Structure formats: C-alpha cells, structure tokens
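K.L.:
Build me a model from this:
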Amino acid sequence: MAEANEVLEGKVRSAQNAVIGMYAFNNLVTTNEEDLKLDAIEADMRDRVDTDSEGDGSRL
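P.N.:
Model (predicted):
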C-alpha cells in the first residue's frame, strides 16, 4: 500500500508541475473570481493522473 501511495504521489506531483505551468499566476491567486481557475486546474491535473494511471489500477 505504501508503494502505491508513493507512485500516486509522484503522478500527482508531475501533473501539478505540468498543469500549473500552463496558467498565469493570477489564475491561482487573485481576488477577482473571473480570473481564478482553480476548478479547471484541478480537473486538468485529475485528467493527467487518470491518463497516466490507465492500466495500473490507480485512478483518482
């Protein structure tokens, strides 16, 4: 179980690094709700992890 957790953490970290780099800083931290893209960022990260996990049984 610990090994599976480590693998999943690595996949999430990789997706986080790839996805966050695609967005402007004000899409992460802002007081303007129109600029905030946290839901899209989360969905993009989840999609990347799911795609990367196809076939190994570790999906979000």
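K.L.:
Give me the below-cutoff pLDDT ranges for this protein.
P.N.:
57-60 (pLDDT under 70).
K.L.:
where along the protein do the helices fall?
P.N.:
2-20, 38-53 (DSSP state H).
K.L.:
For the last one, which residues meet the burial criterion?
P.N.:
Residues 41, 44-45, 48-49, 52 are the ones in helix 38-53 that count as buried (16 or more other Cβ atoms under 10 Å). Heads up, the C-betas are built off the backbone N, CA and C, glycines and all.
K.L.:
Give me the contact list for that helix.
P.N.:
8, 11-12, 14-16, 18-20, 22-23, 27-28, 59-60 (Cβ atoms under 8 Å, 6 or more residues apart in numbering).
K.L.:
count of residues packed around L8?
P.N.:
Neighbourhood size, L8 [other Cβ atoms under 10 Å]: 17.
K.L.:
Could you do V19 as well?
P.N.:
So V19, with other Cβ under 10 Å, has 19 neighbours.
K.L.:
Now do it against N26, distance only.
P.N.:
16 Å (Cβ to Cβ, to the nearest Å).
K.L.:
possible to save the helices of the chain as JSON lines with distance to N32?
P.N.:
JSON lines is the format used below for these (distance: least, Cβ to Cβ, whole Å):
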{"stretch": "helix 2-20", "distance to N32": "19"}
{"stretch": "helix 38-53", "distance to N32": "13"}
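K.L.:
Point me to the residue sitting closest to the centre of the protein.
P.N.:
Residue closest to the average C-alpha location in the chain (Cα atoms, centre = their mean): M45, at 2.3 Å.
K.L.:
Report the separation between that residue and A2.
P.N.:
22 Å.
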